[in-house]
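Peer 1: task: produce atomic coordinates for the following.
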Amino acid sequence: MKFIKSIFLIVIPAFFLSFQSDDVSECNAKVLKDNAKKALDPYSYDSGKLTKLKSSAKDQIKEVEIPMFIGEKYRLSFNLHALKKNIEINIYNRDKDHEKRKLLFSNKDKYEKEFTFDIAKYRSIFIDYMIPAGTVGEDLGCAVFVLGYK
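Peer 2: Residues are numbered from 1 along each chain as shown. Purely as a prediction, here's the structure:
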């Protein structure tokens, strides 16, 4: 009888765990960040951010500020595999309210699930996620970026 109980204690959990997957579309921050970190080489990892996105009745912009040190070289690596829709990402030198704002990078013309962008000489950069209108509250998934320095 103890043998049968032991089998159940091992087999039942293993059975349920077999249905779990490593599918990154579930906003698993660790998996998404680890995959994005691979593209940082030869840069050293500094930090990362997972941004969860939801749609609303109107187009919206979700902006994330990244502080930097002048004189350092940086690489941003993006992983968008957990997004359910293609989202335009724009990187600027200033926030969305500044009149002298300059576009540094956009993925608008070439959408990829993973990409990198190298940058230097800015105190801060601003990542804008352009979220199109849709069903209010619809979960669009998440975007991850990691920052490396040299």
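Peer 1: which other residues reach stretch 27-45?
Peer 2: Contact with stretch 27-45 is made by 22, 24, 48, 50, 52, 73-75, 77-79, 81-82, 114, 116, 141-142, 144-150, as judged by C-beta atoms under 8 Å, 6 or more residues apart in numbering. From N, CA and C alone the C-beta is placed, and that goes for glycine too.
Peer 1: just the buried members of those residues?
Peer 2: Burial by neighbour count, 16 or more other C-beta atoms under 10 Å: within those this picks out 24, 48, 50, 74-75, 77-79, 81-82, 116, 141-142, 144-149.
Peer 1: from A133, how far off is D139?
Peer 2: 15 Å (C-beta to C-beta, to the nearest Å).
Peer 1: next one: D118
Peer 2: D118 is 33 Å from A133, by C-beta to C-beta.
Peer 1: can you count the residues close to E88?
Peer 2: Residues contacting E88 under the criterion other C-beta atoms under 10 Å number 15.
Peer 1: bridging residues for the residue lying closest to it once chain neighbours are set aside?
Peer 2: Nearest in space to E88, with sequence neighbours left out and distances taken as C-beta to C-beta, 6 or more residues apart in numbering, is M130 at 4.0 Å. M130 has these beta-bridge partners by DSSP bridges: I61, E88.
Peer 1: need the helix or strand of the protein with the lowest average pLDDT.
Peer 2: helix 2-17 (a mean of 40; mean pLDDT, DSSP states H and E).
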